[in-house]
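Visitor: sequence and predicted structure are below.
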Amino acid sequence: MKKVLVDINHPAHVHLFKHLIKELKSRGYKVIVTSKNVESITKLLDLYHIPYISTGRKKDHLLWKYVYEFFHLLKVLGIVLGRRIDYGIGISMVLPVVSKLTVMKSFALDDDDLVATPIFGKFTSYANVILTPSALAHEDRGKQRISHPSYHELAYLHPNRFRPDPDVLTELGLTPGDAYFVLRFNAFKAHHDGGAKGLTLDQKIELVDFLKRFGRVFITTERTTEPELALYQLPISPEKIHTLLYYATLFVGDSQTMTTEAALLGTPAIKLNTFAGQLSIPNEIEQKYQLCYSFQPDNFPAMMRTVKELALNSDSKAVWQDRKESMLADKVDLTSFLTALILNYPQSVAEAKAEVAYR
C-alpha cells in the first residue's frame, strides 16, 4: 500500500486537498495528514472527518514563524521516516526539504509569483515535482515543474466538486435571488504579507454604509471583527462560505483567496490591497476572464465607483455567470489532475505533460 502525507498550513489547504484525500483513500492509498494547530484549520478537518497530526502552533512574529518551521520540519521528518511515506504533497516549505533527506517524493503546489514569495519559492525548488498554474508558466521553475491548466480553488469549486446548498440561505433568512453582499477583511499576518495593506476601518465603514441600502451585508474576517462592524459579523460556520459566495450579489474585500473564490463561482468580486495588479493569477482572472477588479489602497474612490456600478446593475450576476463558463472551458478540475498525477507517478511526470497526467 502506497502512503501519502498531506501537509496542511492554512484553512484553504483543507478545502484544496479534502477531495484528493478522499480520492486517494478510495483507491487504496494510506493518507496521513499533518496540520498546523490553528482553530480555523482544525475545525475544518474535524468537520470533514479528516484525522490529523498536529505540527504545533505558528506565531505572528516573523522570527517565530521560522522557528516554528524548523520544528515543523523535524516533526514531519520523523513521521516520514517512521511511517515510510512514499509521497508528500502540500503548499509547504518543509516537504521539499524532507524529500531531500529521505526516499519520499515531494509534490509542491505553488500559485504565488516568485517575486512575491522568494523564500517560499526557494524551498519549493527542492521538490521532486513543482506544480504551478499555467498563468505562472512564464517563470523559470526548473525541469521538475509542471504547469497545470487550473487554479488551486478549482480543486474544490469546480462544478465536478461543488454544489451550492440553498439551505445555507434559509439559515440566514434568505432565498436565491435576494440581494446581499459578502465582505472579507484580511489580517495580513502571513510571512509574505510584510508591509501589505488593505482597507482601513473608515473605508470599511463607508463601504458597509453604502451597501446596506441595497441588501444585507455579511462580514467575515481572519481575526476578530472591529466593534464598529460587529453587527455584520457572518453568523454561520466557515464551511458554508462558498455557498454564500455563490449566491451573493457582490463580493468586496482585501483578501486574495476569497476574491478568487467569489470570482470563480461567478460572483462579481472586488478587492483592494497592495497586491493589486502585481500577481499573475489574479491578473489573469481579472484581465483575461473579467471576473474581478482590483485596486491599490490609494485608489479607494475608484473602488467605490465600481462597487456602486455593480450594486446598481441588476444584470451583473448573469454577465458573470457567462464569464465563469468561458473560464471553465479553459480549466480543469484540479483534484482530478492531482489524483491522476499521483496514481500514474512517475510516468505522468516523466512525460512532463499535464494533459497526459490528467488522463
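Guide: That came through fine.

Visitor: could you look up the SS state of Asp43?
Guide: Residue 43: Lys, not Asp. helix (DSSP: H, G, I helix; E, B strand; the rest coil).

Visitor: if I look at it, how far off is Asn37?
Guide: 11 Å (C-beta to C-beta, to the nearest Å). From N, CA and C alone the C-beta is placed, and that goes for glycine too.

Visitor: what of Leu231?
Guide: On the measure of C-beta to C-beta, Leu231 and Asn37 end up 31 Å apart.

Visitor: ok, Glu309 next?
Guide: For Glu309 relative to Asn37 (C-beta to C-beta), the value is 43 Å.

Visitor: repeat for Pro227
Guide: On the measure of C-beta to C-beta, Pro227 and Asn37 end up 28 Å apart.

Visitor: quick one: which of these two has more around it?
Guide: Legend: neighbour count by other C-beta atoms under 10 Å for Pro227 and Asn37, higher for Asn37 (12 against 7).

Visitor: how about the more buried one, what does it touch?
Guide: Shown in contact with Asn37 (C-beta atoms under 8 Å, 6 or more residues apart in numbering): 54-57.

Visitor: which strands or helices does the helix or strand harbouring Lys65 pack on?
Guide: For Lys65, the host element (DSSP states H and E) is helix 62-83. Under the contact criterion of 3 or more C-beta pairs under 8 Å, 6 or more residues apart in numbering; DSSP states H and E, helix 62-83 touches strand 3-8, strand 30-35, helix 94-101.

Visitor: switch to 6 Å and redo it
Guide: helix 94-101 (3 or more C-beta pairs under 6 Å, 6 or more residues apart in numbering; DSSP states H and E).

Visitor: ok, and for the helix it packs on, which residues are buried?
Guide: 94-99 (16 or more other C-beta atoms under 10 Å).

Visitor: keeping just the C-alphas, turn that helix into CSV.
Guide: These are the backbone C-alpha positions of helix 94-101, laid out as CSV (Å, rounded to 0.1, in the frame of the first residue of the first chain):
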residue,chain,number,x,y,z
VAL,A,94,9.2,21.5,4.7
LEU,A,95,8.1,18.7,2.4
PRO,A,96,10.6,19.5,-0.3
VAL,A,97,13.4,19.6,2.3
VAL,A,98,12.3,16.3,3.8
SER,A,99,12.3,14.7,0.4
LYS,A,100,16.0,15.6,0.1
LEU,A,101,16.7,13.7,3.3
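
Visitor: show me how far the helix or strand following that helix is from its chain's centre.
Guide: The element immediately downstream of helix 94-101 (helix or strand, assigned by DSSP H and E) is strand 105-109. Relative to its chain's centre, strand 105-109 lies at 17 Å (C-alpha atoms, centre = their mean, to the nearest Å).
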